[in-house]
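Novice: Take a look and give me a structure for this.
(2 chains)
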2 protein chains.
Amino acid sequence: MSTTTAQGLDFSRLVITKTDSPKPLLPSDKLQFGRSFTDHILTAEWDSQTGWAAPVIEPYKALTLDPAASVFHYAFCCFEGMKAYKDADGRVRLFRPEKNIQRLNDSAARVALPTFDEDVVLKLLSEYTKLESRWVPEGRGFALYLRPTLVGTSPDLSVSRPGSALLYVIASPVGNYFGSSGVKAISLQAASSPVRAWPGGAGNKKVGGNYAPTIVATEQATHQGWQQVLWLLGDPAVPEEQYMTECGTMNLFVAWINPETKSKELLTAPLDGTILPGITRDSILALARERLVPQGWTVTERRVYMHEVKTASEQGRLLEVFGSGTALVVSPIRSISWNGGVIDCGLPEGQEIGDFARTAKNWLEDIQYGVDEHPWSVVV
Amino acid sequence: MSTTTAQGLDFSRLVITKTDSPKPLLPSDKLQFGRSFTDHILTAEWDSQTGWAAPVIEPYKALTLDPAASVFHYAFCCFEGMKAYKDADGRVRLFRPEKNIQRLNDSAARVALPTFDEDVVLKLLSEYTKLESRWVPEGRGFALYLRPTLVGTSPDLSVSRPGSALLYVIASPVGNYFGSSGVKAISLQAASSPVRAWPGGAGNKKVGGNYAPTIVATEQATHQGWQQVLWLLGDPAVPEEQYMTECGTMNLFVAWINPETKSKELLTAPLDGTILPGITRDSILALARERLVPQGWTVTERRVYMHEVKTASEQGRLLEVFGSGTALVVSPIRSISWNGGVIDCGLPEGQEIGDFARTAKNWLEDIQYGVDEHPWSVVV
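Specialist: Numbering: from 1, shown residues only, chains lettered A, B, ... in the order given. The predicted model follows:
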């Protein structure tokens, strides 16, 4: 494969064709995550011989692919999830977008899809977001969800690197997940089988193959009254060895009183290759280190074993457990079903979010919506 | 989701529209695996509310999908690989096709895609194969490769069961992989990281997500002079714990002199959830049990550890190692790079295939091409 003559992705070649028939905006209370889309799609085709074609923003359209296209057979696909927020002055803001674009490149490399100049994709994404700015809903909790996606398109059934690919971005206006009722704590069913990801797998990349195999287990948990699966690793036969990785599609945090130091500690799984390096996770860790460590907290990335959480709960040392992700920022956990029992995660009855989770959510939303002027928030 | 009123897949509703412009056949020596396709595609759409629409055989065509279709984002996709063979009387034969269709259903269930009546899909597949029979090349080693595929199509970014899906079959005439030069033994690079599959994963299903993450490691092995990766499980830091799962996209067999019984033994990994339940694997096991056990062989499904294979090689007890799969039937292995050394797999210099692998290949091809009349071979 010659890459010396292949064309790089070039922002200056961007061609924009605006729609003649803009769709009506949905009212804020009708927004469903990922069900309705904006007027346009951003696309850039790649070919192993010629490189990146001119990027295009054009009216939202269906994709036409050969039935032998490699994405349909071997899951050559990766994506990102990020949001554009409207601030009080009506400006549109992205949150640490360079982190998403960098992760998309990392994901692409892991599944043999073409990588790209991240600055160019960032500029394309900003241009696209600006063009769609009327679709960014107003109000805290509301946002325009952006979905950069990269798929292998070559019509070739050999199990090998795709010879062509398509990078595209679509966008869906999203509402306040819990509506007017505010945050709701959820409960988890811990599962050591099936496993979501494993050492040496692709669980630390945002590739399609990590998702489809999680649905059936999640449905089973839901049928049994739990809202999400807590994905464990460690021998399914040895409860003492089981540790937390992610829950649903979120990273997981535990706040507790450390049994040795008797001080408050924020714990989360380390980036050991089995969890997604979440940008919300990273942001919470950074802000906690900046703002809570001076108040006596410890912030620790290490394996968190289920038996530790259970013991902490029994001893009244478990303060909070919550998930983190782009969709909800934080998602408080009320209880976890594990090893034949139920672990109470420390939320008082009638309270749906713990003090630290609420604080972290406010920190991040203040930055995302431009209340707290911060370098992580970028006006497009 | 109501399934009570949803329509089942119905063979009697099949609509056939033949092409007006049949493509010219490629000469046998120009056939490349999975690169050229026949005149028609078989499709059947599924919707969670209405069930299966009428199946259609129509001219080969591109698929048109919403950019939010779930297959592009979460790898809702699974497939099968099977072949149609032409016998000496010009009849077209399938090999144990019901096993492929059953496995497709198993794969579909694992990744929350709709399941189907296997008898109906088998009849549809037979009808399609009959219609494309001019595309089945003549000659041993030649076949029409059939690719049943099932993908999630619903334009919905929520990580949940697809509300719609498309089952389709395309076909590619395939040649003798090694051309006129006959079988060539390959050499493997054993790798305990990255990991192809894991207990509790989806490695025992033919789902897309198992494939894309294997490409980079395979390319790296190739650049270092090895043709395929031998996928190991077991602690990467503890060579004694490392055992074989698959190689490339094939199951793996070892023939050796058992160190205790001093008798010939055929070994392969058990169906423990981490390897694909290969139909070639199953067929070789069944025929070996029927035809070799009476001659004093033992046939064993168990974990095969790398150190055992290395020791057997050093002691002159390693007879053969070979992969098995639909593409090549058997693929002999000359050597395996592992733990800083190279294991000689017992093939004499200048010989490209061992006695047992050749025997197994002949057994299966005799059945597939109708030389040996056998219930596994089904005339369409």
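Novice: The nearest residue to A:D20 once chain neighbours are set aside and A:P24, how far apart?
Specialist: Nearest non-adjacent residue to A:D20, counting by CB to CB, 6 or more residues apart in numbering or on different chains: A:P59, 7.7 Å away. C-beta coordinates here come from the backbone N, C-alpha and C atoms, glycine included. Separation of A:P59 from A:P24 (CB to CB, to the nearest Å): 15 Å.
Novice: Which one's more surrounded, the two?
Specialist: Taking neighbours as other CB atoms under 10 Å in any protein chain shown, A:P59 and A:P24 compare with A:P59 leading, 14 against 5.
Novice: Could you pick out the residues of the stretch 201-350 of chain A near chain B for me?
Specialist: Contact residues, the stretch 201-350 of chain A versus chain B (CB under 8 Å from any CB of the partner chain): A:201-202, A:207-216, A:219, A:236, A:248-249.
Novice: Helices of chain A, start to end?
Specialist: Taking DSSP state H as the test, the helices found in chain A are A:70-74, A:97-110, A:118-131, A:215-223, A:279-291, A:306-314, A:355-368.
Novice: highest average neighbour count across those helices?
Specialist: helix A:70-74 (a mean of 30; mean count of other CB atoms under 10 Å in any protein chain shown).
Novice: ok, the residue nearest to A:V329 when sequence neighbours are not counted - contacts?
Specialist: Distances taken as CB to CB, 6+ apart place A:K361 nearest to A:V329, at 4.8 Å, with adjacent residues excluded. For A:K361, the contact set (CB atoms under 8 Å, 6 or more residues apart in numbering or on different chains) comprises A:183, A:329-330, A:353.
Novice: of all those residues, which comes closest to B:F33?
Specialist: The shortest gap between B:F33 and any of the contacts of A:K361 belongs to A:V329, at 47.8 Å (CB to CB).
Novice: Could you tell me how many residues sit around the closest one?
Specialist: When neighbours are counted by other CB under 10 Å, A:V329 registers 24.
Novice: And for A:L25?
Specialist: A:L25: 14 surrounding residues under other CB under 10 Å.
Novice: Then the one 5 residues further on?
Specialist: Counted with other CB under 10 Å, the burial measure for A:K30 works out to 11 neighbours.
Novice: residues contacting the nearest residue to it once chain neighbours are set aside?
Specialist: Of all residues not flanking A:K30 in the chain, A:G175 sits nearest, at 7.9 Å (CB to CB, 6+ apart). Applying CB under 8 Å, 6+ apart, we find A:G175 in contact with A:28-33, A:137, A:141-142.
Novice: Could you rerun that using 6 Å?
Specialist: A:28, A:31, A:142 (CB atoms under 6 Å, 6 or more residues apart in numbering or on different chains).
Novice: Can you say which of these are buried?
Specialist: For these, a burial check counting by 16 or more other CB atoms under 10 Å in any protein chain shown picks out A:31, A:142.
Novice: and of the contacts of A:G175, the nearest to A:V299?
Specialist: Looking across those and measuring by CB to CB, the closest to A:V299 is A:F142, at 30.1 Å.
Novice: separation between the closest one and chain B?
Specialist: Computed as CB to the nearest CB, to the nearest Å, the A:F142 to chain B distance reads 16 Å.
Novice: sorry, back to before: could you export the contacts of A:G175 as CSV, including pLDDT?
Specialist: Output for the contacts of A:G175, formatted as CSV (pLDDT from 0 to 100):
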residue, pLDDT
A:S28, 86
A:L31, 90
A:F142, 95
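Novice: Distance to B:F116 added to the contacts of A:G175, as CSV?
Specialist: Output for the contacts of A:G175, formatted as CSV (distance: CB to CB, whole Å):
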residue, distance to B:F116
A:S28, 40
A:L31, 35
A:F142, 41
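Novice: Name the residues of stretch A:22-40 that are buried.
Specialist: A:31, A:33-40.
Novice: Please identify which of these is nearest to B:E240.
Specialist: Distance ranking of the buried residues of stretch A:22-40 against B:E240, using CB to CB, places A:G34 first at 47.7 Å.
Novice: Find the nearest non-adjacent residue to that closest one, please.
Specialist: Closest residue to A:G34 apart from its sequence neighbours, by CB to CB, 6+ apart: B:L157 at 2.5 Å.
Novice: Test my guess that that neighbour contacts A:R35.
Specialist: No: distance between B:L157 and A:R35: 7.7 Å, which falls outside the contact criterion (CB atoms under 6 Å).
Novice: Need the overlap of contacts for these two.
Specialist: Overlap between the contact sets of B:L157 and A:R35, as judged by CB under 6 Å, 6+ apart, is nil.
Novice: if we can go back for a sec, tell me which of the residues of the stretch 201-350 of chain A next to chain B has the lowest pLDDT.
Specialist: Ranked by pLDDT, these bottom out at A:P236 (93).
Novice: pLDDT value on the closest residue to that residue other than its chain neighbours, please?
Specialist: Excluding the flanking residues, the one nearest A:P236 by CB to CB, 6+ apart is A:S192, at 4.0 Å. As predicted, A:S192 sits at a pLDDT of 94.
Novice: what sits against A:S192?
Specialist: Residues in contact with A:S192 (CB under 6 Å, 6+ apart) are A:232, A:236, A:242.
Novice: With A:N339 instead?
Specialist: Residues near A:N339 by CB under 6 Å, 6+ apart: A:P239.
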